[in-house]
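Enquirer: Just the structure for this:
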Amino acid sequence: MSSDADTGTRRSKPRELRADPIGPGSLTWTHFGDVRGLLYLGRAGTLQNMHPAVSGALQDHSNFFDNPLDRLFRSLPPIYGVVYDRTEEGTGTLVRNFHTDLKGIDETGGRYHALTPDTFWWTHVTFFEVILDFNERFAYKKFTQEQKDQLVREAVTWWRCYGLTDRPAFDDYASFRTYWEDMLDNHLINTHTTKWSTRIAEHDIAPAPKVPTWLWRLTSRPTMAVANWIGKALMPEKARKTLEWEWTPRDERMYFWFARFLTLTDRFWHLLPLRLRYAPRAYSGIRAQGL
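Expert: The predicted model follows:
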């Protein structure tokens, strides 16, 4: 783990990486704000929290264990904004600066800083990987190899919005696969945070925004149980094993029908109005571009 002095905020000479734009017409613009990506919230969050540095920051510097939904609803709109806001709005810099003071000692005994490039890159990868995984599992029309490479090149442009070094980045799909498998095999662990969040349905947590307390008391545990199952269903098998999550034949049958439904509806998804297909912050950015 890099020392907390290595925040990655000092600029170094950029590597010669290929980068494609992420504006209107790009694969990232088209797919990242798709509201169906919200199915991946538990998966992406858990994969991030399996990184000891991310888990340490949550334990030391957030209200995650008292109000995990607050972190979710505060964090996600600016992440959409990095892609869909105009570049001059500086949303990437805003997101980066949220993490400036997050440092400490993680549960493995290593020092962490949330802006250490390798750590921040991992969280970034878990976001753009959602586009790839959803397409692979559920899309009626799969990405070509060229489109997969393009998406990774767009992720370089997205990454540069944060103003961090290019050192941990890559610009082709083959490099992404190598990195992804190495993280799953050698770097992610079952942290205190993931152990807690796996049992989230057993905890009394604060209501989701705009949900009355009485309604939340009736619905929170089944809602969290369903969310946990979806996260488990979408989780890479290697990560499920690291987390010691059971996956039964019954789970596999349920997933078959879940996947079949999403794949069938993907054929007609483009017929829905934009405001129904995109998350609110993404839709606002699209409309602001006059589209």
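
Enquirer: Please tell me the pLDDT value assigned to Phe134.
Expert: Turning to Phe134, the model gives it a pLDDT of 98.

Enquirer: ugh, typo on my part, it should be Lys13
Expert: 52.

Enquirer: so who does Arg36 touch?
Expert: Taking CB atoms under 8 Å, 6 or more residues apart in numbering as the criterion, Arg36 is in contact with Phe134, Phe138, Leu262, Trp269. Glycine gets a C-beta too; all of them are placed from N, C-alpha and C.

Enquirer: Can you tell me which of those end up in helices?
Expert: Among these, the members falling in helices are Phe134, Phe138, Leu262 (criterion: DSSP state H).

Enquirer: Roughly how far does the last one sit from Ser284?
Expert: The gap separating Leu262 from Ser284 is 25 Å, by CB to CB, to the nearest Å.

Enquirer: so how far is Thr242 from Ser197?
Expert: Looking at Ser197 against Thr242, where the rule is CB to CB, the gap reads 14 Å.

Enquirer: so who does Ala259 touch?
Expert: Applying CB under 8 Å, 6+ apart, we find Ala259 in contact with Arg137, Phe138.

Enquirer: Likewise for the one 10 residues further on?
Expert: By CB under 8 Å, 6+ apart, the residues touching Trp269 are Arg36, Arg277.

Enquirer: just Asn135 next, same as before
Expert: Contact criterion CB under 8 Å, 6+ apart gives His31, Lys142, Phe143 as the residues in contact with Asn135.

Enquirer: One more pass at 10 Å, please.
Expert: Leu27, His31, Lys141, Lys142, Phe143, Gln147, Lys148, Leu151, Asp266 (CB atoms under 10 Å, 6 or more residues apart in numbering).

Enquirer: Check which element follows the lowest-mean-pLDDT helix or strand in the chain along the chain.
Expert: In the chain, the helix or strand scored least confidently by mean pLDDT, DSSP states H and E is helix 68-84, which has a mean of 87. Toward the C-terminal end, the helix or strand that comes next after helix 68-84 (DSSP states H and E) is helix 91-97.

Enquirer: got the buried residues for the helix or strand just after that next one?
Expert: For helix 91-97, the succeeding helix or strand toward the C-terminus, using DSSP H and E, is strand 103-105. Neighbour counts over strand 103-105 (16 or more other CB atoms under 10 Å) mark Lys103, Gly104 as buried.

Enquirer: Summarise which helices and strands strand 103-105 is packed against.
Expert: Using 3 or more CB pairs under 10 Å, 6 or more residues apart in numbering; DSSP states H and E as the contact criterion, the elements in contact with strand 103-105 are helix 52-61, strand 111-113.

Enquirer: can you tell me which of the ones you listed comes nearest to Gly290?
Expert: Proximity of those to Gly290 was assessed by CB to CB; the nearest stretch is helix 52-61, lying at 37.1 Å.

Enquirer: now for the closest one, which elements pack on it?
Expert: Contact partners of helix 52-61 among helices and strands, from 3+ CB pairs under 10 Å, 6+ apart: helix 41-49, strand 103-105, strand 111-113, helix 117-138, helix 192-198.

Enquirer: From Gly45, how far out is the residue nearest the centre of the chain?
Expert: With distances taken as CA atoms, centre = their mean, Phe127 lies nearest the centre of the chain, 3.4 Å away. With distances defined as CB to CB, the gap from Phe127 to Gly45 amounts to 11 Å.

Enquirer: What of Leu276?
Expert: Leu276 is 24 Å from Gly45, where distance means CB to CB.

Enquirer: For the residue nearest to the centre of the chain, give me its contacts.
Expert: Taking CB under 10 Å, 6+ apart as the test, what Phe127 contacts is 28, 32, 37, 40, 44, 48, 76, 79-80, 82-83, 155, 158.

Enquirer: residue ranges with poor pLDDT in this structure?
Expert: Counting by pLDDT under 70, the low-confidence segments of the chain come to 1-15, 201.

Enquirer: And for it, the residue most distant from the center?
Expert: In the chain, Trp214 marks the outermost C-alpha relative to the chain mean, sitting 30.4 Å out by CA atoms, centre = their mean.

Enquirer: Would you confirm that it belongs to a helix?
Expert: Yes - under the criterion used here (DSSP: H, G, I helix; E, B strand; the rest coil), Trp214 sits inside a helix.

Enquirer: What is the neighbour count of the residue nearest to Pro280 when sequence neighbours are not counted?
Expert: Leaving out its chain neighbours, the residue that sits closest to Pro280 by CB to CB, 6 or more residues apart in numbering is Pro77, at 7.6 Å. The tally of other residues near Pro77 (other CB atoms under 10 Å) stands at 15.
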